[in-house]
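Trainee: After the sequence you'll find the predicted model.
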Amino acid sequence: DDELQTDGNRSGHFRNGELGLAPTNEDVIRIIAAQLAEIGDQFDKEIQGRVVDDLVQHFLNENLSKEEITLHMSRVVRELTRSIPPDMEQEKAMLVLAMVLTKKIVNTVPSLLHHVFNTTLNYMNQQFHNYIVEMVSA
């Protein structure tokens with residue numbers, strides 16, 4: 001049911017032949033997406049391959065539960081936030097780091113897309129739901 005959109009567009013669902021989108025301010029969402037993408041590009045260069053490889057191994061480990069993998073991802077994101085500029089909002093940085101890590105994991109092992117996407121989505125919903133709502137509604 002969840003759709004991954006990588007081109008900056010929002011996904012929608014067809015209802016009675018029409019595309020149904022939640023009422024939002026498209027310009028605000030595009031501006032936020034552009035800002036997050038810019039921050040993500042900066043973080044992308046700084047994340048070391050061993051961090052990604054370690055996360056890949058956790059996702060490939062069938063003995064770990066979804067909760068254990070989510071906790072590990074949360075720890076990695078927290079560790080990476082230690083290197084963010086002090087003037088950047090911590091929630092925003094953590095949100096972007098989670099998305100960049102997801103991209104890097106999937107680029108490393110494409111077969112993990114569904115598992116990594118769902119884990120990241122759950123992590124973001126648990127940790128940043130209120131922040132995302134505030135960011136979009138501001």
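Mentor: Here it is on my side, so go on. Numbering: from 1, shown residues only.

Trainee: by contact count, what packs against the top helix by length along the chain?
Mentor: As far as residue count goes, and with DSSP state H defining each element, the longest helix of the chain is helix 113-137. Judged by 3 or more CB pairs under 8 Å, 6 or more residues apart in numbering; DSSP states H and E, the packing partners of helix 113-137 are helix 26-46, helix 49-60, helix 66-80, helix 90-108. For every residue, glycine as well, the C-beta is placed using N, CA and C.

Trainee: Touching, residue 124 and residue 133? I think so.
Mentor: No - taking CB atoms under 8 Å as the definition, residue 124 is not a contact partner of residue 133, at 11.7 Å.

Trainee: Which one's more surrounded, these two?
Mentor: Just comparing residue 124 and residue 133: by other CB atoms under 10 Å the higher neighbour count belongs to residue 124, 17 against 10.

Trainee: From residue 62, how far off is that one?
Mentor: For residue 124, the distance to residue 62 equals 24 Å [CB to CB, to the nearest Å].

Trainee: and residue 95, how many residues sit next to it?
Mentor: Each residue near residue 95 was counted by other CB under 10 Å, and the total is 22.

Trainee: residues near the nearest residue to it once chain neighbours are set aside, how many?
Mentor: Once flanking residues are discounted, residue 95 sits nearest to residue 128: 5.2 Å by CB to CB, 6 or more residues apart in numbering. The number of residues packed near residue 128 is 17, by other CB under 10 Å.

Trainee: Give the full set of residues in contact with residue 128.
Mentor: Residues in contact with residue 128, defined by CB atoms under 8 Å, 6 or more residues apart in numbering, are 91, 94-95.

Trainee: Make CSV out of the residues you listed and add pLDDT and distance to residue 120.
Mentor: Compiled in CSV, the contacts of residue 128 are given as follows (pLDDT from 0 to 100; distance: CB to CB, whole Å):
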residue, pLDDT, distance to residue 120
91, 87, 15
94, 89, 12
95, 88, 10
